[in-house]
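Undergrad: fold the following.
(one chain, ligands or ions: 3)
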Amino acid sequence: MFVEVAVNLPHVYGTFDYRVPEDLEPVITPGQLITVPFGSRIAQGIITEVRDRTDVAETKSIEALLDHIPVITNAQLELARWMAGTYKATLIDCLNLMLPPGLSQQTDSSYQLVLMDAAVSSEIQERILKLLHRRGELRGRQLSRALPHQRWKKAMDTLVRRGVVKRSAVLDPPSVRAVYQRTARLAMTPTAAGARVREIGQAGSAAYERRVCMIKTLIAEGEPLEAQWLYAECGGSLSDLRILEDHDLIILSDAEVWRDPLEEFEYVPSQAPTLTPDQARVWTAIKQAAGSDSQIPFLLHGVTGSGKTEIYLNAVEHTLEQGRSAIVLVPEIALTPQTVRRFLARFPGRVGLNHSQLSAGERFDTWRRCRAGDIGLMIGPRSALFMPLQNLGLIVLDESHDESYKEQARSPRYQTRSVAIQYQRITGSICILGSATPDINTSYAADRGRIQRLTLPQRIMGHRQRLTSQAQRHGIQPQYQSFKDDALSIDLPPVRIIDMRQELMAGNRSIFSRALTHELQETLNAGQQAILFLNRRGSTTYIFCRDCGWVARCPRCDASLTHHADDDRWHCHHCGASSPQMQACPNCSSERVRRFGIGTQKVQAELESLFPGTRTLRWDRDSTRAKGAHAIILAHFAAQRADVLIGTQMLAKGLDLPLVTLVGVINADISLNLPDYRAPERTFQVITQVAGRAGRGLLGGKVILQSFQPDHYAIQAAAQHDYETFYRRELGLRQELGYPPFANLIRLIYRHPSSKQAETEVERLGALIKAEIQKTNRRIAVIGPAPCYFGRIRGLYRWHIILRGNKPVDVLPAEIPDGWGVDIDPVSLL
Ligand code: ADP
Ligand code: ZN
Ligand code: ZN
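TA: Residues are numbered from 1 along each chain as shown. Ligands and ions are numbered 1, 2, ... in the order given. Down below sits the predicted model:
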């Protein structure tokens, strides 16, 4: 008996044949995790096939079976094969996506002395034997610690070959650690604390301001606060809190927090509402497909708040009733807690959660529960698609247009939408791609009948009964328009576009247009909440010299640096490095080194000076770096402990905040200016999503869109909530220019610390590909080789070659040379 094995070593393409030892024959099956000898090493591997014969003349034998239960299901194996072919990746890279971290690793070995009193031929051998004799069975890692700086492995190999020592492969159980959350509270009365703030730093310094802010916040809130909340509010870090503690102003304490990833979510069990007529129509179509052999995926197209999630909930319920399992993918768990909570509430006890912030132990346990058939519904970002669910019946992608569904960083660079559709075919499941702003390619596939489009045109507000009593409680005149049975529908909020060029001409140089200032004032006066959205993508905050034009750049990346008020330093957003501010220009010694552009901190500062006393909250990558920070910020805003939430791209995800009546988009068009064919699509999507955040409650809402290109079709269509017009226009342009969906793109990226070497290598591969195109007479355009827009990141020069045409994958070399990244159907060309 033989097996074909995908070996877990980097850059190893293909599979290898091994012999099965006789005692293992009865239990060997595809998908099992084993160890095999590979060259001089022992490597982990996964059995991809079991066979009676092999063409290989000499095969080695499997070393050990690590787990009798397969770690990969048959459906997953088939999916991994498809991915490897489609995305030009190694099979093992695809299989590794399906294993929890800690399992997919090079195994450690365990060594046991079996022959006492064996002769030794070297000093190191003797030391190994003594160690094993004294301490019993040892791990490779323990030996490395006990014999530091010594090459014990070779000596050990000899001992193993001679039968003196027995080696077996082991997997460490995942290490699970407790997670703690730090809280701070005042150590004295507010008055006493206020009197003593002078002691905590040099008045006027940034550090001093931060610490005063922390004390003030604690006084204002009147209760212990999470440290994260204070950082989000005031900037700063633990060192600031420690100083306050040293001065006896506050007391810090640690509270252990959840180990169960679901404990974080509070929820009340809920019942399914009666579907609206629109929902009922959509649901009937899906249910019919579930009962037939139809394999066509669905595109569920409905504006924000149109009841898509309710459809997913129905579909999950139906799937579970059939004894099958379901996967619901969301862009990012931390940004969509409300969606997650609704699933928990409807299916208590049956939900598993998977995301990158879980500890290794939590993830391993969740994976094992899936494998055991213990979890009916898996929720998570794209990685959750690869959990080993048994008897899968449903795959849902919420916000399916989201760019987080594309893996961009490492191989396989897969598109989750495509993988989900393939997985649906393999497992005979239902697949639903939901979105308010479907990806152009998905819509086009629906036009061509490859996907079935279902629409939910009306925004739902919720139950009449609940809303009416809520309105009475608040003494509000409700603003809803029409009635449908139990549910009420409301219109999308009106959007006003403000031409920022005219603001400039009128002498208004503020971040806020006069209209936005006015609306903010009204909103704050009425005690309602506002969201300010800052389009960060492609935004140009930089530091430059007014006299010579010198721009501060990261020494390792091409990126320009950004000033952070938190620590008063200059930061690189590509590699995270920071450096102290320079007072004078290194080029011309001028002292007129200035910051340019808008960041969330600047919006916050200007807002606070315009409207003193306004409680603001920042929600961006900087204020949410720590675990749990998202949830805290959202909870504080939802509990009305702030009036204005200032945020970046994260705001566009699935947030439902009924008290928000104003959405201001500070710079709608900034992302239009990037040299990328998807720039208009991305801009339209994000603005439409953000605009949809207003007016989800009884109070109605308004959107103000500030733009320097108010006539651009993406801005105009977003302001009208008009997907159809945008889609037709964009599709026409793509056809003219020969971009997807009318052609396929491939991007080949090469990175190297030497720019010369990078250039030489891309020219080499470029010439090879061009020759192949000519030889096969294919109509494929080659763009480049050229440096990428972000030409240098983390000290590595980046060059790319872009192929455009019909199936350009055909002209790629069979094995991609080392150092290259292949991105099939890239979503960004920067
Ligand atoms: P989407 O997922 O498209 O944003 P949701 O499913 O979240 O939309 O629905 C929007 C709001 O309407 C939610 O508050 C939801 O509870 C409510 N809702 C959805 N369907 C119904 C229904 N059939 N009856 C009453 N309320 C509903
Ligand atoms: Zn200068
Ligand atoms: Zn950098």
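
Undergrad: please see if the helix or strand that residue 630 is a member of touches ligand 1.
TA: Using DSSP states H and E, residue 630 maps to helix 629-638. No. For helix 629-638, no contact with ligand 1 is found by Cβ under 6 Å from any ligand atom; the gap never falls below 13.9 Å. C-beta: built from backbone N, CA, C; applies to glycine.

Undergrad: using PDB, write down the CA coordinates of that helix.
TA: C-alpha atoms of helix 629-638 as PDB (Å, rounded to 0.1, in the frame of the first residue of the first chain):
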ATOM      1  CA  ALA A 629     -10.700  48.100  21.500                       C
ATOM      2  CA  HIS A 630     -13.300  48.000  18.700                       C
ATOM      3  CA  ALA A 631     -16.000  46.600  21.000                       C
ATOM      4  CA  ILE A 632     -15.300  49.100  23.700                       C
ATOM      5  CA  ILE A 633     -15.400  52.100  21.400                       C
ATOM      6  CA  LEU A 634     -18.600  50.900  19.800                       C
ATOM      7  CA  ALA A 635     -20.200  50.200  23.100                       C
ATOM      8  CA  HIS A 636     -19.400  53.700  24.400                       C
ATOM      9  CA  PHE A 637     -20.700  55.300  21.300                       C
ATOM     10  CA  ALA A 638     -23.900  53.200  21.300                       C
END
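
Undergrad: pull the number of nearby residues for the closest residue to residue 827 other than its chain neighbours.
TA: Once flanking residues are discounted, residue 827 sits nearest to residue 406: 4.6 Å by Cβ to Cβ, 6 or more residues apart in numbering. Neighbour count for residue 406, taken as other Cβ atoms under 10 Å: 19.

Undergrad: residue 406 contacts residue 418, correct?
TA: No. Look at residue 406 against residue 418 with Cβ atoms under 8 Å: they stay out of range, at 9.7 Å.

Undergrad: tell me how many other residues crowd whatever residue of the stretch 101-250 of the chain ends up closest to ligand 1.
TA: Taking Cβ to the nearest ligand atom as the measure, the point where the stretch 101-250 of the chain comes nearest ligand 1 is residue 232, at 26.2 Å. Other residues near residue 232 number 24, with proximity taken as other Cβ under 10 Å.

Undergrad: so it: helix, strand or coil?
TA: helix (DSSP: H, G, I helix; E, B strand; the rest coil).

Undergrad: SS state for the nearest residue to residue 725 once chain neighbours are set aside?
TA: Of all residues not flanking residue 725 in the chain, residue 717 sits nearest, at 5.0 Å (Cβ to Cβ, 6+ apart). Three-state assignment for residue 717 (three-state DSSP): helix.

Undergrad: report how many residues lie close to residue 717.
TA: 22.

Undergrad: ok, and the helix or strand in this protein with the lowest average confidence?
TA: Least confident helix or strand, the chain: strand 482-484 with a mean of 45, by mean pLDDT, DSSP states H and E.

Undergrad: let me see the contact set for residue 241.
TA: Neighbour list for residue 241: 182, 184, 214, 227, 230, 250, 252 [criterion: Cβ atoms under 8 Å, 6 or more residues apart in numbering].

Undergrad: do residue 543 as well
TA: 551-552, 560-563, 570, 593-596.

Undergrad: now with 7 Å, please.
TA: 552, 561, 563, 570, 593, 595 (Cβ atoms under 7 Å, 6 or more residues apart in numbering).

Undergrad: quick revisit: can you lay out the contacts of residue 241 as a markdown table showing secondary structure and pLDDT?
TA: Below are the contacts of residue 241 laid out as a markdown table (DSSP: H, G, I helix; E, B strand; the rest coil; pLDDT from 0 to 100):
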| residue | secondary structure | pLDDT |
| --- | --- | --- |
| 182 | strand | 77 |
| 184 | strand | 86 |
| 214 | helix | 91 |
| 227 | helix | 83 |
| 230 | helix | 86 |
| 250 | strand | 89 |
| 252 | strand | 82 |
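
Undergrad: the residue of the stretch 351-500 of the chain found nearest ligand 3: neighbour count?
TA: Relative to ligand 3, the nearest point of the stretch 351-500 of the chain is residue 409 (16.2 Å; Cβ to the ion). When neighbours are defined as other Cβ under 10 Å, residue 409 has 7 of them.

Undergrad: host element of it?
TA: Using DSSP H and E, no helix or strand contains residue 409.

Undergrad: in the stretch 201-350 of the chain, what residue is nearest ligand 3?
TA: Nearest residue of the stretch 201-350 of the chain to ligand 3: residue 237, at 20.6 Å (Cβ to the ion).

Undergrad: and residue 404, which of the three is it?
TA: Assigned with three-state DSSP, residue 404 falls in the helix class.

Undergrad: show me where the stretch 501-650 of the chain has strands.
TA: Assigned by DSSP state E, counting those that start in this stretch, the strands in the stretch 501-650 of the chain fall at 529-533, 542-545, 562-564, 569-571, 578-580, 593-596, 616-619, 644-647.

Undergrad: out of the ones you listed, the one nearest residue 139 is which?
TA: With Cβ to Cβ, the closest approach to residue 139 among these belongs to strand 578-580: 39.2 Å.

Undergrad: what's the burial count for the nearest residue to residue 153 once chain neighbours are set aside?
TA: Closest residue in space to residue 153, ignoring its immediate chain neighbours: residue 140 at 8.0 Å, by Cβ to Cβ, 6+ apart. Neighbour count for residue 140, taken as other Cβ under 10 Å: 20.

Undergrad: got it, and residue 121?
TA: Residue 121 has 11 neighbouring residues, counting by other Cβ under 10 Å.

Undergrad: please identify which two of the contacts of residue 241 are farthest apart in space.
TA: The span of these, defined through Cβ to Cβ, is set by 182 and 214 at 12.7 Å.

Undergrad: looking at the two, which one has more neighbours?
TA: It is residue 214, of residue 182 and residue 214, that has more neighbours when counted by other Cβ under 10 Å, with 27 against 15.

Undergrad: my guess is residue 582 contacts residue 594, does it?
TA: No. Here residue 582 does not reach residue 594: they are 11.7 Å apart, not a contact under Cβ atoms under 7 Å.

Undergrad: same drill for those two, tell me which one is more crowded.
TA: Taking other Cβ under 10 Å, residue 582 and residue 594 do not tie; residue 582 has more neighbours (15 against 10).

Undergrad: what's near enough to touch the more buried one?
TA: With Cβ under 7 Å, 6+ apart, residue 582 has these contacts: residue 593.

Undergrad: now it: how far from residue 209?
TA: Distance of residue 582 to residue 209, given as Cβ to Cβ, to the nearest Å: 22 Å.

Undergrad: please apply the same query to residue 202.
TA: According to Cβ to Cβ, residue 202 stands 10 Å off from residue 209.

Undergrad: in terms of neighbours, single out the busier of these two.
TA: The neighbour count for residue 202 versus residue 209, taken as other Cβ under 10 Å, is higher for residue 209 (16 against 8).
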